[in-house]
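S.K.: just a sequence and a predicted model for now, questions to come.
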Amino acid sequence: MNAIPGRIAPAPLLSVEGLTKWYGHVLGCRDVAFDLRPGEVLGIVGESGSGKTTLLNCISGKLTPTSGEVRFDTRRFGLTDIYGLSEPDRRRMQREEWGFVHQNPRDGLRMRVSGGANVAEPLMNLGGRHYGNMRQATIDWLDRVELDTRRIDDKPRNFSGGMQQRIQVARNLIHGPRLVFMDEPTGGLDVSVQARLLDLLRELVRDLGLAVIIVTHDMAVARLMADRLMVMKGGEVVETGLTDQVLDDPQHPYTQLLVSSVLQI
Amino acid sequence: MTDKPLIIVEDLAKTFVLHNAESATIPVFQDLTLQVAAGECVVLAGESGVGKSTLMRSIFGNYLPTQGAVKVWHDGAYVDITQASPHEVLDVRRRTLGYVSQFLRVIPRVPTLQLVMEPLLENGVAFDEAKDRASELLSALRLPQAHWDLPPATFSGGEQQRVNIARSFIRKYPVLLLDEPTASLDAENRAIVVRLINEALAEGAAMIGIFHDLDVRDSVASRLFEVAQFKAAA
């Protein structure tokens, strides 16, 4: 008759504790803590300057936090603080086990090499040497993100923004990561292109069982993609919870303001 | 099947606080207690604004109750929806607790057939079987086959509602919440939905429903539950 909370609790894939980042005396984010399970999609929402991107960069190993820990269940070392790893070990872990989809495809792609080479590069970085296999894997992935595989040798700049973003997605998933970070992945796109990319991301996340941390200021994107949300304001997390609960019954004044400011169509 | 109630609502209270409207508080209900057994359909009664939908949404975990517990029988134990982690609530929703709302939240670009298959795919049913069962149900609900490959965004209200019903009945949820599932349906389609509801009840589902159509209400209700008796003082 007793409720048993926490009964289904597999080990976390990622465990963040007391994460704080100061830029001099300016606060980036303060005392952030959460666990992420395999296959779980966490959305981080908030307005510009709320600390979303600082937090994402700290968690993803791009920006050393002032204090706090980011523990990840690495294949080689188990659950370990990524900032306690040596630089080469951390970089290797990032390459092997993570993906990072930037808002601007130019930040995530090499613009001077072909779309296909962009997609294949993570495989080469991980020691792939068989050209035919890698090319086939690349073709498969271009197809999976709904790109014309005949354009494998075109440079990224010859693709539209939405296509560039799909190349970036393929590049970040081809090596089978377990955790993917996404920073406003649909930020710069037209709505129709955005819908297509979101749908694709949703499907891939479900089929591959990926854990995702996605930063967005767009509540509709958050609702579509995320299992649960963290709402940030002024560098601090002001509310967390199940996505539809946070959006339909927000508790914190700031979340209420944020949700009520969304334009209806 | 268990002889325990599948839903136990204990001393539930919900008050909305609108921080951006001078912290206005809107009390809805308090000390609300309700149990629903397998095979039972409890229909929430009372005029609009009395808190029927608020109660449903609090049970589903969509609204955060101010006090009290909502225990749902899941996987051989009770899970308190008000205290469970997002991860647990999602697991309960995936396998035990279904919700049919009046409105379909459309996902851009996803074709109807696939939308209906999704709850099965998420529960590990093979693609072909999911497809067969989705087709069967959409046929039963008389949704023209020409629509199946289209995303439902442009469908009529009644068609969208039938897609919604198909999505919720394709998986035999042990616990179902029905928020006016027949609101925009014609008589024949209403009858089909009534049949689906009664079949699920016969198989031991526990349901809580809101029905404004009295015929539908009378053909599915095991008993009525007056939400107003728990009205919170303003």
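M.R.: Cool, got the structure.
S.K.: spell out which residues of chain B are next to chain A.
M.R.: B:4, B:16-20, B:57, B:61-64, B:69, B:71, B:77-80, B:83-91, B:107-110, B:122 (C-beta under 8 Å from any C-beta of the partner chain). Glycine gets a C-beta too; all of them are placed from N, C-alpha and C.
S.K.: now the longest helix anywhere in chain B: buried residues?
M.R.: Counting residues, the longest helix found in chain B (DSSP state H) is helix B:187-202. By 16 or more other C-beta atoms under 10 Å in any protein chain shown, the buried positions in helix B:187-202 come out as B:N189, B:R190, B:I192, B:V193, B:V194, B:L196, B:I197, B:A200, B:L201.
S.K.: give me the residue from the stretch 51-200 of chain A nearest chain B.
M.R.: Nearest to chain B, among the residues of the stretch 51-200 of chain A, is A:A195, at 3.6 Å (C-beta to the nearest C-beta).
S.K.: that residue against B:R109, yeah?
M.R.: Yes: in this structure A:A195 lies within contact range of B:R109 using C-beta atoms under 8 Å: 5.8 Å.
S.K.: if you count what's nearby, which of these two comes out ahead?
M.R.: A:A195 (19 against 16; other C-beta atoms under 10 Å in any protein chain shown).
S.K.: list the contacts for the closest residue to the more buried one other than its chain neighbours?
M.R.: In space, and not counting its chain neighbours, A:A195 is closest to B:P108: 3.6 Å by C-beta to C-beta, 6 or more residues apart in numbering or on different chains. B:P108 sits next to A:A195, A:R196, A:L198, A:D199, B:P151, B:A153 when contact means C-beta atoms under 8 Å, 6 or more residues apart in numbering or on different chains.
S.K.: element containing the first one, please.
M.R.: Mapping A:A195 onto the secondary structure by DSSP states H and E places it in helix A:191-208.
S.K.: count of residues packed around the nearest residue to A:V193 once chain neighbours are set aside?
M.R.: Nearest residue to A:V193, sequence neighbours excluded (C-beta to C-beta, 6+ apart): A:G162, at 3.6 Å. By other C-beta under 10 Å, 18 other residues sit near A:G162.
S.K.: phi, psi for A:G162 please.
M.R.: phi -70, psi -40 (degrees, to the nearest 10).
S.K.: can you give me the strands in the stretch 1-150 of chain A?
M.R.: A:14-23, A:26-36, A:41-45, A:67-74, A:78-81, A:98-101 (DSSP state E, counting those that start in this stretch).
S.K.: so what strands line up beside the first one?
M.R.: Read it as strand A:14-23. Strand A:14-23 pairs in its sheet with strand A:26-36 (antiparallel), strand A:67-74 (antiparallel), by DSSP bridges.
S.K.: got TSV for those, with mean neighbour count too?
M.R.: Converted to TSV, those look like this (neighbours: other C-beta atoms under 10 Å in any protein chain shown):
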stretch	mean neighbour count
strand A:26-36	18
strand A:67-74	19
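S.K.: mind putting those strands into a markdown table with mean pLDDT?
M.R.: Listed next are the strands paired with strand A:14-23 as a markdown table, based on pLDDT from 0 to 100:
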| stretch | mean pLDDT |
| --- | --- |
| strand A:26-36 | 96 |
| strand A:67-74 | 96 |
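S.K.: the ones you listed: which one's closest to B:Q35?
M.R.: With C-beta to C-beta, the closest approach to B:Q35 among the strands paired with strand A:14-23 belongs to strand A:26-36: 33.5 Å.
S.K.: tell me the angle the closest one makes with strand A:41-45.
M.R.: 160 degrees (axes from the mean of the first three to the mean of the last three C-alpha atoms, to 10 degrees).
S.K.: for strand A:26-36, list the C-alpha coordinates in CSV.
M.R.: Extracted in CSV, the C-alpha atoms of strand A:26-36 (Å, rounded to 0.1, in the frame of the first residue of the first chain):
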residue,chain,number,x,y,z
VAL,A,26,30.1,38.3,-12.9
LEU,A,27,28.0,35.2,-12.2
GLY,A,28,27.6,32.7,-15.1
CYS,A,29,25.7,30.0,-13.2
ARG,A,30,25.5,29.0,-9.6
ASP,A,31,25.1,25.8,-7.7
VAL,A,32,23.5,23.7,-10.4
ALA,A,33,22.8,20.0,-9.6
PHE,A,34,21.0,17.3,-11.5
ASP,A,35,21.3,13.7,-12.7
LEU,A,36,20.6,12.5,-16.2
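S.K.: give me the contacts around that strand.
M.R.: Contacts of strand A:26-36 (C-beta under 8 Å, 6+ apart): A:12-22, A:42, A:51, A:54-55, A:58, A:68, A:179, A:211, A:213, A:230, A:232, A:234-237, A:240.
S.K.: ok, now with 6 Å
M.R.: Here strand A:26-36 makes contact (C-beta atoms under 6 Å, 6 or more residues apart in numbering or on different chains) with A:12-21, A:42, A:51, A:54-55, A:211, A:235-237.
S.K.: now the strands of the stretch 1-150 of chain A as a markdown table including distance to A:P185?
M.R.: Output for the strands of the stretch 1-150 of chain A, formatted as a markdown table (distance: least, C-beta to C-beta, whole Å):
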| stretch | distance to A:P185 |
| --- | --- |
| strand A:14-23 | 19 |
| strand A:26-36 | 18 |
| strand A:41-45 | 12 |
| strand A:67-74 | 21 |
| strand A:78-81 | 27 |
| strand A:98-101 | 5 |
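S.K.: buried sites along stretch A:199-213?
M.R.: The neighbour-count check on stretch A:199-213 (16+ other C-beta under 10 Å) flags A:D199, A:L200, A:L201, A:R202, A:L204, A:V205, A:L210, A:A211, A:V212, A:I213 as buried.
S.K.: scratch that, stretch B:44-58 is what I was asking about
M.R.: In stretch B:44-58, counting by 16+ other C-beta under 10 Å, buried: B:L44, B:A45, B:G46, B:V50, B:G51, B:K52, B:S53, B:T54, B:L55, B:M56, B:R57, B:S58.
S.K.: same question, stretch B:77-88
M.R.: Neighbour-count burial for stretch B:77-88 [16+ other C-beta under 10 Å]: B:Y78, B:V79, B:D80, B:I81, B:T82, B:A84, B:S85, B:P86, B:H87, B:E88.
S.K.: pLDDT of that stretch, averaged?
M.R.: Averaging pLDDT along stretch B:77-88 gives 95.
S.K.: low-confidence ranges in chain B?
M.R.: B:1-2, B:106, B:234 (pLDDT under 70).
S.K.: show me where it has its helices.
M.R.: Counting by DSSP H, the helices of chain B are B:52-60, B:86-95, B:112-122, B:127-140, B:157-169, B:187-202, B:214-220.
S.K.: minimum distance to B:Q30: which of those has it?
M.R.: The nearest among those, by C-beta to C-beta, is helix B:52-60 at 11.7 Å.
S.K.: in ChimeraX, how would I select just the buried ones from the contacts of strand A:26-36?
M.R.: Only the buried entries of the contacts of strand A:26-36 go into this ChimeraX selection, using 16+ other C-beta under 10 Å:
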select /A:12,13,14,15,16,19,20,21,42,51,54,55,211,235,236,237
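S.K.: of the buried residues of stretch B:77-88, which belong to strands?
M.R.: B:Y78, B:V79, B:D80 (DSSP state E).
S.K.: so which of the helices of chain B comes closest to A:R166?
M.R.: Using C-beta to C-beta, the helices of chain B put helix B:112-122 closest to A:R166, at 20.0 Å.
S.K.: nearest spatial neighbour of B:S101, chain-adjacent residues omitted?
M.R.: B:D179 (5.0 Å).
S.K.: for that neighbour, give its distance to B:V17.
M.R.: Separation of B:D179 from B:V17 (C-beta to C-beta, to the nearest Å) stands at 24 Å.
S.K.: and for B:K4?
M.R.: 34 Å.
S.K.: before we move on, what about B:L201?
M.R.: 37 Å.
S.K.: do the same with B:V163
M.R.: Relative to B:V17, and taking C-beta to C-beta, B:V163 is found at 35 Å.
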